[in-house]
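Peer 1: Let's see this in three dimensions:
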Amino acid sequence: MANCTGITIGADYDCADPLKAKVNERLLVGNLDDIESVTYDVTNPTLITAITMKTTKAMFAFQGVRSTVKPQVDLVASEVTVGFSHQVDFSVFEVDAAQKENLQAMSTVSQFCIYQNPKDSSLGDAVWEVMGVNSGLEMATLVRMPADGATGGAYTCQLKTPAAASETELPNSFFDTDIITTEAAIEALLVPAV
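Peer 2: From the prediction side, this is the model:
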């Protein structure tokens, strides 16, 4: 839930440990309807401490290279509401029939995703961020130009918050206890729940 009472803290710039403009090149994507439950921190609703998938369901890893995973968030302000548009652009380097079927399926249902920022002390509990966990992400574009040297002939996919259903929060941080515990929880999302 959004804080409607006003700001409560400022922000500093740490020149000894500045924020890094990079994300890990592995994107985790899951079907929004496959989530059984999401647990939020009791004092900070922008912090997710657990995601549980439905029985037999899991997230899937899409491996990128260099800078092919590009998350973005934008403020969506109207006359009476404020929300956020979550967006992630990524490349899919498999073009076989199974992946084509997978991408076609992705275009018909809402997704959510998790990406990893650089692991450094400046991020604290924001090393991993979750997009689309409330309104979902829909495939906005899917392009493949087989002879394009810039993309290596890969699919370029964009998942984005639906225009009529903006997210109420910035991308949620995902953190449970410490880095090691959080990594284990995220890796567990790649294994079908039992």
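
Peer 1: residue ranges for the helices of the protein, please.
Peer 2: 97-106, 179-188 (DSSP state H).

Peer 1: average model confidence for the last one?
Peer 2: What that stands for is helix 179-188. For helix 179-188, the mean pLDDT works out to 92.

Peer 1: In terms of secondary structure, what does it contact?
Peer 2: Helix 179-188 is packed against strand 172-174, with contacts defined by 3 or more CB pairs under 8 Å, 6 or more residues apart in numbering; DSSP states H and E. (Glycine included, C-beta is placed from N, CA and C.)

Peer 1: and the residue lying closest to residue 156 once chain neighbours are set aside, how many neighbours?
Peer 2: The shortest distance from residue 156 to any non-neighbouring residue, by CB to CB, 6 or more residues apart in numbering, is to residue 143 (4.9 Å). When counting by other CB atoms under 10 Å, one arrives at 11 neighbours for residue 143.

Peer 1: My understanding was that residue 143 contacts residue 155; is that so?
Peer 2: Yes: under the criterion of CB atoms under 8 Å, residue 143 makes contact with residue 155 at 7.1 Å.

Peer 1: top strand in this structure by residue count?
Peer 2: Ordering each strand of the chain by length in residues (DSSP state E) puts strand 82-92 first.

Peer 1: Can you check what angle separates it from helix 97-106?
Peer 2: Angle, strand 82-92 to helix 97-106, by axes from the mean of the first three to the mean of the last three CA atoms, to 10 degrees: 170 degrees.

Peer 1: show me the residues around the residue lying farthest from the centre of the chain that make contact.
Peer 2: The outermost residue of the chain relative to its centre, with distances by CA atoms, centre = their mean, is residue 147 at 29.1 Å. Residue 147 makes contacts with residue 153, as judged by CB atoms under 8 Å, 6 or more residues apart in numbering.

Peer 1: Tell me the spacing between it and residue 156.
Peer 2: Going from residue 147 to residue 156 by CB to CB, to the nearest Å gives 14 Å.

Peer 1: again with residue 73
Peer 2: Per CB to CB, residue 73 is found 19 Å from residue 156.

Peer 1: Check residue 182 too.
Peer 2: The separation that residue 182 has from residue 156, given CB to CB, amounts to 29 Å.

Peer 1: Extract the CA atoms of stretch 179-193 and return them as PDB.
Peer 2: Only the C-alpha atoms of stretch 179-193 are listed here, as PDB (Å, rounded to 0.1, in the frame of the first residue of the first chain):
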ATOM      1  CA  ILE A 179      21.600 -12.400   0.900                       C
ATOM      2  CA  ILE A 180      22.200 -16.200   1.200                       C
ATOM      3  CA  THR A 181      18.600 -16.900   2.400                       C
ATOM      4  CA  THR A 182      17.200 -14.700  -0.300                       C
ATOM      5  CA  GLU A 183      19.200 -16.300  -3.000                       C
ATOM      6  CA  ALA A 184      18.000 -19.700  -1.900                       C
ATOM      7  CA  ALA A 185      14.400 -18.500  -1.900                       C
ATOM      8  CA  ILE A 186      14.700 -17.200  -5.400                       C
ATOM      9  CA  GLU A 187      16.400 -20.300  -6.700                       C
ATOM     10  CA  ALA A 188      13.600 -22.400  -5.200                       C
ATOM     11  CA  LEU A 189      11.100 -20.500  -7.400                       C
ATOM     12  CA  LEU A 190      12.700 -22.200 -10.400                       C
ATOM     13  CA  VAL A 191      11.800 -25.700  -9.000                       C
ATOM     14  CA  PRO A 192       8.100 -26.700  -9.400                       C
ATOM     15  CA  ALA A 193       6.300 -26.400  -6.100                       C
END
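
Peer 1: Nice, that's everything, thank you.
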